[in-house]
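Trainee: I would like the atomic coordinates for the input below:
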Amino acid sequence: MKLKFVSLLLFVVIASCAQEKSPLIGETEWQKKMNADFKDASKSPLKDKDRKAFKSLEFFSVDSAFVVKAHLTRTPDEVPFKMPTTTSRMPMYVKYGELNFSIKGEDYKLNIYQNLELLTEAGYEDYLFLPFMDKTNGKSTYAGGRYVESRIQEGDTLNIDFNTAYNPYCAYNEKYSCPIVPNENYIDVEVTAGVKVFKKH
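Mentor: From the prediction side, this is the model:
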């Protein structure tokens, strides 16, 4: 009887450990990393109560139609400006260039930016910031729009993967200060790629 009890206890412990180390949910490595970061208390933007109940962000299915090769027109003479945020913070940005691309046969244009403060940080010297809004906002995606990150590349093209579009942190927690998407960065199409709207518990 004692042996059976010990065996049962061992099974419960092993099962519990297996649950704790359950594989990360995600269709791609990027999605898995996003979920890992959101579970990690040291990185997650989630409030404690939301993080404890968190299993996975909701993503659209990966769609190659939203991986675009954009023509980049650099705009080196742009004047830096203070980008409005969801708080009183006004970080300095500069428009790096204009992206022209096609999605499902239709042509669109977005501006891409550099954060001047980030340029001084190691690893961010070539970082580019693409905030955008589209026809899914307020429906299947966050009402305030989403962001895509990129890096400076050689030549006059830039690869943009909207499957990596993510929500501003203020979509999860109002304590964060998030850049507001400029009005000119709206595209009249449903970008059904990337992270969906977060449903709070």
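Trainee: which strand runs longest in this protein?
Mentor: As assigned by DSSP state E, the longest strand anywhere in the chain is strand 92-103.
Trainee: and it, how far from the chain's centre?
Mentor: Its chain's C-alpha centre and that of strand 92-103 lie 17 Å apart, by Cα atoms, centre = their mean, to the nearest Å.
Trainee: list the contacts for G97?
Mentor: G97 sits next to L72, T73, R74, T75, N111, I112 when contact means Cβ atoms under 8 Å, 6 or more residues apart in numbering. Placement of C-beta: from N, CA and C, glycine included.
Trainee: Throw those into TSV and include distance to K135, thanks.
Mentor: Output for the contacts of G97, formatted as TSV (distance: Cβ to Cβ, whole Å):
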residue	distance to K135
L72	24
T73	25
R74	28
T75	26
N111	19
I112	20
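Trainee: can you tell me the centre-most residue of this protein?
Mentor: Taking Cα atoms, centre = their mean as the criterion, Y166 is the residue nearest the geometric centre of the chain, at 2.1 Å.
Trainee: lowest average confidence, helix or strand, in this structure?
Mentor: Ranked by mean pLDDT, DSSP states H and E, the weakest helix or strand in the chain is helix 2-20, scoring a mean of 43.
Trainee: right, and the helix or strand after it?
Mentor: For helix 2-20, the following helix or strand on the C-terminal side (DSSP states H and E) is helix 29-39.
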